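Visitor: My questions concern the predicted model and sequence given below.
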Amino acid sequence: MYLIIDLGNTNKKLALFSNGRLKKMKLLPVISLQAVKSFVKENPGITHCILSSVIHYPPSIKKFLEKNFMLVEPDKATPLPLQNLYKTPDSLGKDRLAAAVAGHFRFPKDPVLIITAGTCITYDFVNDRGEYLGGGISPGIQMRFLALNTFTGKLPLISGKNRANLTGTTTKESILSGVINGALAEVDGIIARYLHENKMLKVILSGGDLKYFDKRLKIKTFAVPNIVIEGLYLILELNAGTIN
């Protein structure tokens with residue numbers, strides 16, 4: 001069995017794959033060695049692990065994983081099932097690369113745009129030759145709400161709704177309109193520009209804020225809630241036979 005650990009800015013995920021299928025996943029607000037040990041104890045039979053993080057985490061976690069499993073911690077030298085043409089691979093988020101791997105796996109002969117809506121909204125593009133070219137990063141929904149509250153004197157902090165009228169009739173409604181409808185317009189616009197250059201484009205939506213976009217965009221998309229976990233599994237599967 002394979003253990004997948006994805007430490008994101010908002011959620012920390014522990015996932016278990018067996019025979020190519022996601023069997024179990026646990027979401028944590030914070031990560032600790034004890035949490036990892038408890039998950040491992042609950043799921044005996046793990047042989048390989050992949051650890052991907054965009055945050056700092058306790059070094060004891062890596063030591064524990066190295067001691068007990070065949071561990072992969074992706075970097076720019078890790079073999080991938082696509083060609084990474086990003087010009088600054090050292091600065092590329094492992095979560096973005098994993099999402100690109102999973103998107104290419106699902107549509108290996110088509111250009112694919114993977115949009116992950118979380119702390120940030122990220123856009124990652126893989127062409128029909130299996131080349132990852134990069135994409136874009138913009139503020140996520142909650143970051144936009146927080147920015148309006150933080151950098152103004154009187155605007156309140158808004159959250160909790162995923163729909164908004166176009167014309168807000170109160171300050172709260174106006175913030176909801178600007179943030180939610182603005183983000184929808186941004187994503188629709190980015191997709192349209194990629195589609196103009198790639199007629200057979202497939203678009204995948206993922207991330208914790210998927211609810212703001214799923215079934216509300218102008219162009220057909222495919223919702224894959226755990227695409228980063230899926231991509232990390234594919235990277236681990238590719239590298240499992242090469243780990244000493």
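Guide: Arrived safely, thanks for sending. In this text, all values refer to a predicted model and were calculated from it rather than measured experimentally. Numbers count the residues shown, from 1 in each chain.
Visitor: When you work out contacts or count neighbours from here on, use the C-alpha atoms and nothing else.
Guide: Noted.
Visitor: ok, then the element right after whichever helix in the chain runs longest?
Guide: Ranked by number of residues, the top helix in the chain under DSSP state H is helix 182-197. Using DSSP states H and E, the helix or strand that follows helix 182-197 in sequence is strand 202-206.
Visitor: Name every strand pairing with that following strand and say which way it goes.
Guide: In the sheet, strand 202-206 lines up against strand 112-117 (parallel), strand 222-223 (parallel) (DSSP bridges).
Visitor: what comes into contact with that strand?
Guide: Outside strand 202-206, the residues that touch it by Cα atoms under 8 Å, 6 or more residues apart in numbering are 103, 107, 110-117, 191, 213-214, 220-227.
Visitor: give me that answer again for 6 Å
Guide: 112-116, 221-225 (Cα atoms under 6 Å, 6 or more residues apart in numbering).
Visitor: go on, stretch 21-36?
Guide: Taking contacts as Cα under 6 Å, 6+ apart, the residues outside stretch 21-36 that touch it are 11-17, 61.
Visitor: Let's see that with 7 Å instead.
Guide: Outside stretch 21-36, the residues within contact range by Cα atoms under 7 Å, 6 or more residues apart in numbering are 11-17, 58, 60-61.
Visitor: Closest one to residue 163 out of these, please.
Guide: residue 11 (22.9 Å; Cα to Cα).
Visitor: Okay, and residue 176 sits in which element?
Guide: Per DSSP H and E: helix 171-176 holds residue 176.
Visitor: coming back round to it: deepest-packed of the strands paired with strand 202-206, please.
Guide: Highest mean neighbour count of the strands paired with strand 202-206: strand 112-117, a mean of 28 (counted as mean count of other Cα atoms under 10 Å).
Visitor: what is the orientation angle of it with helix 182-197?
Guide: 170 degrees (axes from the mean of the first three to the mean of the last three Cα atoms, to 10 degrees).
Visitor: Thanks a lot, see you next time.
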